[in-house]
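Undergrad: Sequence and predicted model, in that order:
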Amino acid sequence: MKKEAHAVIQTLLVTEKGTRLQGQNQYLFRVAEDANKIEIRRAVEKLFNVRVLSVNTMRVRGKAKRGGRRFQPGRTASWKKAVVTLKAGDKIEVG
């Protein structure tokens, strides 16, 4: 089943590590948890009109939180991150 590109790529992550990786032509994305590397590659190529060399994915576990009424324990949601390496000369405009 083919997914829409906007359903696969949720956001471009602008973090310290993400900014540092841009010097190596790599970009960080928050992606759908059920997206695989092939879907991520196609979505990035379609949305940003670039050529993707590789995609590395990882699951980010939610952190334990406390607060609220009576300090009830809870967690933030887990999510999936993708590091996308682009072909030399290709760029994604950030900001």
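TA: Happy to help now that I have it.

Undergrad: Could you look up the SS state of Cys93?
TA: No, residue 93 isn't Cys; it's Glu. Classification of Glu93 by DSSP: H, G, I helix; E, B strand; the rest coil places it in coil.

Undergrad: Leu53 versus that one, what's the distance?
TA: Using Cβ to Cβ, to the nearest Å, Glu93 is found at 19 Å from Leu53. In short, each C-beta sits where N, CA and C put it, glycine included.

Undergrad: Which one's more surrounded, the two?
TA: Leu53 (14 against 6; other Cβ atoms under 10 Å).

Undergrad: what residue lies at the spatial centre of this protein?
TA: Phe29 (1.9 Å; Cα atoms, centre = their mean).

Undergrad: which residues sit in contact with Lys81?
TA: Neighbouring residues of Lys81 by Cβ atoms under 8 Å, 6 or more residues apart in numbering: Leu13, Leu28, Phe29, Arg30, Val31, Thr57, Met58, Arg59, Val60.

Undergrad: try 6 Å
TA: Met58, Val60 (Cβ atoms under 6 Å, 6 or more residues apart in numbering).

Undergrad: Now it: which helix or strand?
TA: Using DSSP states H and E, the element containing Lys81 is strand 79-86.

Undergrad: What does the pLDDT read for Gly74?
TA: Gly74 is assigned 83 on the pLDDT scale.

Undergrad: Next one: it relative to Leu47, how far apart?
TA: For Gly74 relative to Leu47 (Cβ to Cβ), the value is 33 Å.

Undergrad: Determine the number of other residues adjacent to Val55.
TA: Count around Val55 with other Cβ under 10 Å applied: 19.

Undergrad: Look at it and tell me its secondary structure.
TA: strand.

Undergrad: what's the spacing between the nearest residue to it once chain neighbours are set aside and Ala43?
TA: Leaving aside its sequence neighbours, Val55 sits nearest to Lys37 (Cβ to Cβ, 6 or more residues apart in numbering; 4.4 Å). From Lys37 over to Ala43 the distance is 11 Å, taken as Cβ to Cβ.
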